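K.L.:
coordinates only, no sequence provided:
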């Protein structure tokens, strides 16, 4: 564990006020940024239950004040074997996003080996200052006493309702007490005392309870009825410590998630393209700025698709678009790993000692299965069509899944430090890219950089958020046959939560993205 003076200052940003509050409590009690981000992670598993769970996984980009940045990979791992037969508990659920419906697959055979519990403990052992028992206290209180469901979380429940209504155990936790046939609504109180008990037991007995003990035994037993995950998968799970992907951009150095995940490499690819062409004299929001930004997104997406599906073409694309060995160095590592693009949340913390933490967490949409007696919803990472191009249950076995999640740190040459990341599935990379350019290229404070309207280009469709000049938008969309103009700021465009520290002035800053329930505090 890292020891130092009491951190009486700091900044926290996350996707829920209670997540922020849990991290704040850790800092106020003398914890460092890593204690705080783990406290936020535990709380998020209670108050952001669709987006985060100890049954899922994630990544932490950590930079100790006196050390080098390191990426902690505690994301999901595919099981060691495919299903033994076609008789699996694996079925589709239709989720309603309002303007579009999307099919997800859930059930016991959709569960990949989770890494969140391992990450919680090993990060605490490596970097923490406080005992885990103290770190999780805010989460225990929330789970036992209950919390008020806010508007964003209620909306997300409305989208994925079929999943959380799919099993009796899930309904017992997440259904409305006033209308038991429906999920909880905004303003209703939700509690999960079984989760509090399980988390408390884990803090006392250690992570082996989950991977070797009673919890592992129960998961193994239940998965024998139509599942794929086994005790051997749980016992073999390892958290990976990786060297971050880093590059210089403007007057700053970026540290982001390296392969086998794809989000960081695609952000780096886009930044390298921008370095080569620049913005010219374009101002933020101008037609020139927007058209060049969309073109960068288009080329990045093309390179992503080609490198994943046609390796040779991908190599040629890299040589054409980027005069660098950047993609050549990592492409094969990316190609070897199945990809997950699911619901996510993010937490950023910087403390008074200069420790910085950016943590992104995901549970997919949830498998519907609650581990009995624990209140823990398991992930449905294996239910993603994108990792099964040849049909379901044909993923590479015993392989770390890759992700668009890209928790990142930005170190300025003047010592300024920014921790940031985003939820938003495959919009994560474009959300982070735009915020980075807003800060570094257009000189915006982090709050303005996050709140500024965004665009997203994918699958030949341009999406434009409200808030840009109508004339500039008209010029931009005239070049596209398929586009959507949004009449509001929307969680579709990601949710970047960022914390900042300027050592020259001693000032802290933090901003949560309002698109995804963002909340922030400065101590």
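P.N.:
Arrived safely, thanks for sending. This one's a predicted model, so the numbers in the text were calculated from it and none came from an experiment. Numbering: from 1, shown residues only.
K.L.:
retrieve the pLDDT associated with the most centrally placed residue in the chain.
P.N.:
In the chain, the residue lying closest to the centroid (C-alpha atoms, centre = their mean) is residue 360, at 3.5 Å. Residue 360 carries a pLDDT score of 97 in this model.
K.L.:
I figured residue 380 hits residue 109, correct?
P.N.:
No - if you go by C-beta atoms under 8 Å, residue 380 and residue 109 don't touch, sitting 9.4 Å apart. No exception for glycine: its C-beta is placed from N, CA and C like everyone else's.
K.L.:
more crowded one of those two?
P.N.:
residue 380 (31 against 25; other C-beta atoms under 10 Å).
K.L.:
who does the lengthiest helix in the chain touch, helix- and strand-wise?
P.N.:
As assigned by DSSP state H, the longest helix anywhere in the chain is helix 287-309. Where contact means 3 or more C-beta pairs under 8 Å, 6 or more residues apart in numbering; DSSP states H and E, helix 287-309 is packed against helix 263-277, helix 311-321, helix 326-335, helix 428-440, strand 455-458, helix 470-477.
K.L.:
worst average pLDDT in the ones you listed?
P.N.:
helix 311-321 (a mean of 33).
K.L.:
the host helix or strand of residue 215 packs against which elements?
P.N.:
In this structure, residue 215 sits in helix 214-223 according to DSSP states H and E. Packing partners of helix 214-223 (3+ C-beta pairs under 8 Å, 6+ apart): helix 208-211, helix 231-236, strand 370-371.
K.L.:
for these, which one ends up most surrounded?
P.N.:
For the helices and strands packed on helix 214-223, the largest average neighbour count (mean count of other C-beta atoms under 10 Å) is found in strand 370-371, namely a mean of 24.
K.L.:
so where is this protein shaky, pLDDT-wise?
P.N.:
1-8, 97-101, 304-342, 386-390 (pLDDT under 70).
K.L.:
give me the domain ranges for it.
P.N.:
Per the record, the chain has its domains at 10-241+353-388, 247-340+405-503, by automatic domain parsing.
K.L.:
got those as TSV, with distance to residue 521 columns?
P.N.:
Shown next, in TSV, are those (distance: least, C-beta to C-beta, whole Å):
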stretch	distance to residue 521
domain 10-241+353-388	5
domain 247-340+405-503	10
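K.L.:
and the residue lying closest to residue 381 once chain neighbours are set aside, how many neighbours?
P.N.:
What sits nearest to residue 381 in space, not counting adjacent residues and going by C-beta to C-beta, 6 or more residues apart in numbering, is residue 112, at 3.9 Å. Number of residues near residue 112 (other C-beta under 10 Å) recorded here: 32.
K.L.:
ok, residue 212 next?
P.N.:
For residue 212, using other C-beta under 10 Å, the count is 14.
K.L.:
test my guess that it contacts residue 237.
P.N.:
No - the criterion here is C-beta under 8 Å, and residue 212 misses it with residue 237 at 10.4 Å.
K.L.:
now the helix holding residue 215: buried residues?
P.N.:
Neighbour counts over helix 214-223 (16 or more other C-beta atoms under 10 Å) mark 215, 216, 219, 220, 222, 223 as buried.
K.L.:
looking at the residues you listed, spot the one nearest residue 375.
P.N.:
residue 215 (11.5 Å; C-beta to C-beta).
K.L.:
what sits against that closest one?
P.N.:
198, 209, 371, 374 (C-beta atoms under 8 Å, 6 or more residues apart in numbering).
K.L.:
what's the helix or strand for the first one?
P.N.:
I take that to be residue 198. Following DSSP H and E, one finds residue 198 within helix 193-205.
K.L.:
so what does that helix touch, helix or strand wise?
P.N.:
The elements that helix 193-205 packs onto, with contact taken as 3+ C-beta pairs under 8 Å, 6+ apart, are helix 33-47, helix 132-135, helix 137-145, helix 208-211.
K.L.:
next, the buried residues of that helix.
P.N.:
194, 195, 196, 197, 198, 199, 200, 201, 202, 203.
K.L.:
tell me who's in contact with the second one.
P.N.:
In other words, residue 195. 45, 46, 143, 374, 375, 376.
K.L.:
and the fifth one, by the same measure?
P.N.:
Residues near residue 198 by C-beta under 8 Å, 6+ apart: 54, 215, 371, 373, 374, 375, 376.
K.L.:
again, only using 6 Å
P.N.:
residue 374 (C-beta atoms under 6 Å, 6 or more residues apart in numbering).
K.L.:
for residue 139, see how far away it is.
P.N.:
Note on residue 198: its distance to residue 139, by C-beta to C-beta, to the nearest Å, is 11 Å.
K.L.:
tell me where the stretch 351-500 of the chain has strands.
P.N.:
Counting by DSSP state E, counting those that start in this stretch, the segments of the stretch 351-500 of the chain that form strands are 356-362, 370-371, 376-377, 402-403, 408-412, 417-423, 455-458, 461-464, 483-485, 495-502.
K.L.:
list the buried residues in stretch 252-268.
P.N.:
252, 254-268.
K.L.:
just these now: which is nearest residue 284?
P.N.:
Using C-beta to C-beta, the buried residues of stretch 252-268 come closest to residue 284 at residue 252, 17.7 Å.
K.L.:
contact partners for residue 428?
P.N.:
Contacts for residue 428 (C-beta under 6 Å, 6+ apart) come out as 263, 404, 406, 422, 494.
K.L.:
out of those, which end up buried?
P.N.:
Buried among the contacts of residue 428 by 16+ other C-beta under 10 Å: 263, 404, 406, 422, 494.
K.L.:
out of those, which is nearest to residue 231?
P.N.:
residue 404 (30.1 Å).
K.L.:
surely that closest one and residue 426 touch.
P.N.:
Yes - in this structure residue 404 lies within contact range of residue 426 using C-beta atoms under 6 Å: 5.5 Å.
K.L.:
re the thing from before, redo the strands of the stretch 351-500 of the chain as JSON lines? Include distance to residue 40.
P.N.:
Output for the strands of the stretch 351-500 of the chain, formatted as JSON lines (distance: least, C-beta to C-beta, whole Å):
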{"stretch": "strand 356-362", "distance to residue 40": "7"}
{"stretch": "strand 370-371", "distance to residue 40": "22"}
{"stretch": "strand 376-377", "distance to residue 40": "18"}
{"stretch": "strand 402-403", "distance to residue 40": "19"}
{"stretch": "strand 408-412", "distance to residue 40": "17"}
{"stretch": "strand 417-423", "distance to residue 40": "12"}
{"stretch": "strand 455-458", "distance to residue 40": "27"}
{"stretch": "strand 461-464", "distance to residue 40": "30"}
{"stretch": "strand 483-485", "distance to residue 40": "33"}
{"stretch": "strand 495-502", "distance to residue 40": "10"}
